[in-house]
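**Q** quick one: sequence plus predicted model below, questions after.
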Amino acid sequence: MRCATVSKSLVLGLAVLLASTAFAATKGTLHLQSATTINGTELKAGDYKLLWEGTGPSVELSILQGKNVVAKTQAKVVDLETKSANDAAVVHKTDGAADSLTGVRFEGKKFALEISGSSDGMPAASK
């Protein structure tokens, strides 16, 4: 009988642990070499922290400079065929308009973030 109680406690503990990690925020960094926009907000050249939350492929992405949130948007976590060779901001360049951030890749990771509302997908991503 004691064995069954221990097993139930262990299973319950694992379920709580898994549930808490499913809702845990994930972090990353972003370096922009030039001014870029995201959802109409201009991000100046520099370093930013990324924080995303959500379950499944759709997440809410917050972009922070220091402790201040400077932009928020929806993003999708996409799988890549191979690990990214380096950290990279994926930027859509247009003539006469501000560059827009369409995605972020992370060195050594087989996933990337695709910014919602971007018309250009990220190459080599499987959706």
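**A** Okay, I see it.
**Q** could you pull out the strands for this protein?
**A** 26-32, 36-38, 41-43, 46-53, 58-65, 68-80, 88-92, 100-105, 111-115, 125-126 (DSSP state E).
**Q** out of those strands, deepest packed?
**A** strand 100-105 (a mean of 22; mean count of other CB atoms under 10 Å). For every residue, glycine as well, the C-beta is placed using N, CA and C.
**Q** what's the closest non-adjacent residue to residue 34?
**A** residue 45 (5.2 Å; CB to CB, 6 or more residues apart in numbering).
**Q** related to what we said a few turns ago, export the strands of the chain to TSV and tack on mean pLDDT?
**A** Formatted as TSV, the entries for the strands of the chain read as follows, by pLDDT from 0 to 100:
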stretch	mean pLDDT
strand 26-32	94
strand 36-38	93
strand 41-43	93
strand 46-53	96
strand 58-65	95
strand 68-80	95
strand 88-92	93
strand 100-105	95
strand 111-115	95
strand 125-126	35
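**Q** just list whatever residues bridge to the residue nearest to residue 70 when sequence neighbours are not counted.
**A** Taking CB to CB, 6+ apart, and ignoring the residues beside it in sequence, residue 70 has residue 63 as its nearest neighbour in space, at 5.6 Å. Following DSSP bridges, residue 63 is listed with bridge partners residue 50, residue 71.
**Q** my guess is residue 63 meets residue 52, correct?
**A** No: assessed by CB atoms under 8 Å, residue 63 is found out of contact with residue 52, at 9.8 Å.
**Q** OK, contacts around residue 29?
**A** The contact partners of residue 29, by CB atoms under 8 Å, 6 or more residues apart in numbering, come to 47-50, 87.
**Q** would you turn the residues you listed into CSV with distance to residue 102?
**A** Formatted as CSV, the contacts of residue 29 follow (distance: CB to CB, whole Å):
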residue, distance to residue 102
47, 19
48, 15
49, 19
50, 14
87, 15
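**Q** report the two of those residues separated the most.
**A** Between any two of these, the greatest separation by CB to CB is 12.5 Å, found for 49 and 87.
**Q** return the distance of the residue nearest to residue 34 relative to residue 81.
**A** For residue 45, the distance to residue 81 under the criterion CB to CB, to the nearest Å works out to 30 Å.
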